[in-house]
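Q: Build me a structure from this.
(chains A and B)
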Amino acid sequence: MKEIKLNGLDVCVFTDILENGLEVIFVPYKNKKNYFMSYATRFGSEITTFIPNDLKIEVKMPDGIAHFLEHKMFEQEDGVDPFTYFSESGTGANASTSFDNTQYICYGTKNFEDNLRFLLRYVNEPFYTDENVEKEKGIIAEELKMYADIPEWQIEDRLRSAVYKIHPRGIDIGGSIPEIMKITKEDLYTCYHNFYSPNNMFLLIVGNFNPDRAFSIVQEIVGGIENKKKPIIKKIKEPEEVNTKEDTMLSMVSVPKVGIGLKIATRKLPKYDDLILDLYLEMLTTLCFGSSSEFRERVRKQKLLNNLYMEWESLDEFKTFLMIASTDYPDQLIQEIKKELVTLPITEEAFSRMKKVWVANEVKMVDSIDNMIHNLFDDLIRYKKIIPNKVDIIRNLKLEELKKVINCVDFNNVSVVKMLPDNH
Amino acid sequence: MKYTKKDYGSYRLHLIKTDKFKTITVRVCFRSPIKKNEITIRNILSDMFMQSSEKYNSRRNLTIKAQDLYAADIESTNSRLGNYINTDFYLTVLNDKYTEQGNFKSALEFLSEIIFHPDVSDNKFNSEKLDIVKTTCRSALNSLKEDTSKYSLVRLFENFSSNLPISYRMMGYIEDLDNITEESLYRYYKKMIENDMVDIFVIGDIVPEEVSSLIKKYFKFNTLKKARIPYLVEEKKSHRKKNIVKETIESSQSKLAIACVTKGLTAYERNYPLSLFNVIYGGGSDSKLFKEVREENSLCYTIHSVPNKLDNVIIVRAGIDKSNYEKTVELVQKCLLDMQKGKFSENDISIAKEYYNTALDELEENESRIINNYYMMELIGIDDIETKRNKMNKVTKEEIIKVAKKISIDTIFCLEGVKDERN
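A: Here you go, the predicted model:
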């Protein structure tokens, strides 16, 4: 296994790639009792249209199929319920689906080797029947309804569909009730056989374990699994402009909410490494709208803002900034945000302070196995690699370069969604 | 890990030395008997601490100061511990080894500035900031119903009892909010600083003597205090019949919330057999409720139970379709009856014990959970981790059945989602 030192963090990462393409990333800790493992595929809700590896024509799967498949992975032919299996050693287990990945996790302090074997086996042994697929529909419908009742969720969904015209990121990860009702066991097998292939997956483990023993278990269980041919996924021709500039929705809220989405075509930005580009963009919005920004102080004084949530998302050809705020004065807040995007008050002092904060946060993160695995996981999904020198990269960020990035952004390519109380 | 405790009369200092973490975490806990009409003012006070102080006169300046201390995290939160209301100040900061000499000391000084030198002049809190905090709080109180899960729990407790502390809304009340003034807030602040009982915890790779003298320097309390009332809430006088309440709301999903009461548990039963009962009944992802309600009958996506030990209550919650109400309640009852009849295996018990053991192992990897364990040892006399492990491993099936028989369903609240199916 290859050893990679994470500079400045006293952490070593061991990586290897099996012959069939499965990527293995191990981060052993000496002073912890617990471990956390994640077995993941680069298949999420975004992929519903593709040419399967054994066909010549494109198929369209129902929306929400990746998430449905994740639920059904827990069904095993021998009847052993993975939750029960893990529980026997006091191990926690779960799974989650995102736009661009699905992961199966388990975490605990005991029975490491058998749990690893079990995790690898159950994710490699799908068992779908008409009955068990049908039974799941009621459960998932309740899950979708649970999310649909959360106002922040509603507006985020609506904001994404205002930003993206044809990209499936505009569709909810779980799909919709009518779509999931269409799912069949054949659909699930098709997705499984196209995307749950070693060369589309990775295994990430952090915590208390022996990496050599773990590696030999991985070889024993997954080493013999053959790679499947990759399906063909056509490039999505998403327009560079936002889909809708303005949208208003009514909901059962008492306090209005505002969603703002800034869409940037990556080709218009300077040709930096993807991580560096993301860091500059993150820096830009942290300085403008973060907790220590002048903007926050100003809108707080004017009582325009109750709370604010913001994130960047990175697609192949786009960088999108999403902001969701709760406010009693939506129009005024929108004006203030737009004004801020024009003036961009960025100082050298704030820029250096934020670099210091980011470096400190990297060091703090190492203390928690949970935080560490989430961070490495995100890097593996987003950049497809472990970044050994993130601390150095942060230290080397330069204000002039941030300004170069800013000069390339069209701050008018924005969608605004208002969510107002439904007073019927 | 090395633990030491010193009682200075006006507060107790708990130091936990461990080399497991790169950060040092400090928790300062203030507590006093809970009063319904003081919850709101206490919440406002907590928020005001984080808005500004005498020296750092805006939220932005406070944030910048914290960032300068290598991204120190500081927060203040309120919670209820049985008959008490508890205000915590948390500080998490990198050890000087990873920053610079004196950074921890400056962070402690900063925390003490926030607690002891708030933004007050002429015995009044800053009115502009109070206005902002009240506005944000009002908006949060007004939007309670937006979070149907939280709202259903609040309404369950209000229907469960009209006077026990569990029925108090921890987020506060609009009526009380309107009455808070710059002066009344300052009076409340003085009362809290002077009369509350205080515990301070510091965990990390520390030199105990140094930390001890820094705490003495920056945290000065003068009055001697003693707990006057117990933490454990008295048992509720039970309804003869089950109390069933329904309310409707414009949402797709219905939220079912059930309060079960426990009667006459001993301290041992509360801390041990009850925990195992809960894991088997509805606590784990492999519980009876999860299997029967979700896996076998597809009635929900989430269902779980949580014991609220200091209130003698176990809460069962599920997100369901309202047409499945009867069936779900029936299964919740059936699973409880199965527990009382002993319809669970030795294997279920050993799984529950493993689950608990892992939780104890994981507890030792997390600073705030370690602190919390010591805090609960101090307040309600729970056992230390090793004793817990030993006693839990010895719990028998008979003891769990005995506890199950002391549990009964008291109040059922269903928040019915009546939004038309539009999708």
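
Q: hey, let's count contacts and neighbours off CA atoms from now on
A: OK.

Q: interface residues of the stretch 201-350 of chain B facing chain A?
A: Neighbours of chain A within the stretch 201-350 of chain B, by CA under 8 Å from any CA of the partner chain: B:250-253, B:285-286, B:294, B:298-302, B:319-321, B:350.

Q: which of the residues you listed tops the neighbour count?
A: Highest neighbour count within those, by other CA atoms under 10 Å in any protein chain shown: B:Ile320, with 32 neighbours.

Q: what's the average pLDDT for stretch B:47-54?
A: Averaged over stretch B:47-54, pLDDT sits at 96.

Q: Stretch A:18-28 too?
A: 96.

Q: now A:Leu250, what's its secondary structure?
A: With DSSP: H, G, I helix; E, B strand; the rest coil as the basis, the three-state label of A:Leu250 is strand.

Q: And for residue 184, the neighbour number?
A: Because you didn't say which chain, this covers chain A. Residues contacting A:Thr184 under the criterion other CA under 10 Å number 17.

Q: meant chain B, my bad for not saying
A: The local packing of B:Ser184 (other CA under 10 Å) involves 15 other residues.

Q: That one in helix, strand or coil?
A: With three-state DSSP as the basis, B:Ser184 sits in helix.

Q: What pLDDT is listed against it?
A: At B:Ser184, pLDDT is 98.

Q: neighbours around B:Glu128, how many?
A: Number of residues near B:Glu128 (other CA under 10 Å) recorded here: 10.

Q: Walk me through the domains of chain A.
A: A:2-222, A:246-421 (automatic domain parsing).

Q: From start to finish, how long is the first one in a straight line?
A: So the one you mean is domain A:2-222. One end of domain A:2-222 sits 19 Å from the other (CA to CA, to the nearest Å).

Q: how far is that domain from where the chain is centred?
A: Mean-position distance between domain A:2-222 and its chain equals 12 Å (CA atoms, centre = their mean, to the nearest Å).

Q: Same check on stretch A:225-240?
A: Remark: stretch A:225-240 is offset 18 Å from the chain centroid, using CA atoms, centre = their mean.

Q: Pull up the distance across that stretch, start to finish.
A: Where stretch A:225-240 begins and where it ends lie 41 Å apart, using CA to CA.

Q: Ends of stretch A:48-66, what's the gap?
A: Stretch A:48-66 end-to-end distance (CA to CA) = 8 Å.

Q: related to what we said a few turns ago, minimum pLDDT in the residues of the stretch 201-350 of chain B next to chain A, which residue is that?
A: Note: of those, the lowest pLDDT belongs to B:Ser285, at 78.

Q: which ones are touching that residue?
A: B:Ser285 makes contacts with A:Phe83, A:Thr84, A:Ser87, as judged by CA atoms under 8 Å, 6 or more residues apart in numbering or on different chains.

Q: Any residue of the host helix or strand of B:Leu13 touching chain A?
A: If you go by DSSP states H and E, B:Leu13 is part of strand B:12-17. No: shown here: strand B:12-17 not in contact with chain A (CA under 8 Å from any CA), separated by at least 14.5 Å.

Q: about what we covered before: which two of the residues of the stretch 201-350 of chain B next to chain A lie the greatest distance from each other?
A: Maximum pairwise distance in these, criterion CA to CA, is 43.3 Å, between B:Glu250 and B:Ser350.

Q: What ranges does chain A have for its strands?
A: Along chain A, the stretches classed as strands by DSSP state E are A:2-6, A:11-17, A:23-28, A:35-41, A:49-50, A:59-60, A:92-97, A:102-108, A:201-207, A:246-251, A:257-265, A:307-314, A:318-326, A:414-421.

Q: which ones are touching residue 66?
A: Using chain A here. Counted by CA under 8 Å, 6+ apart, A:Ala66 has contacts A:Phe43, A:Gly44, A:Ser45, A:Thr97, A:Thr102, A:Cys191.

Q: meant chain B actually
A: Counting by CA under 8 Å, 6+ apart, B:Ala66 has contacts B:Ala72, B:Asp73, B:Ile74, B:Ala107.
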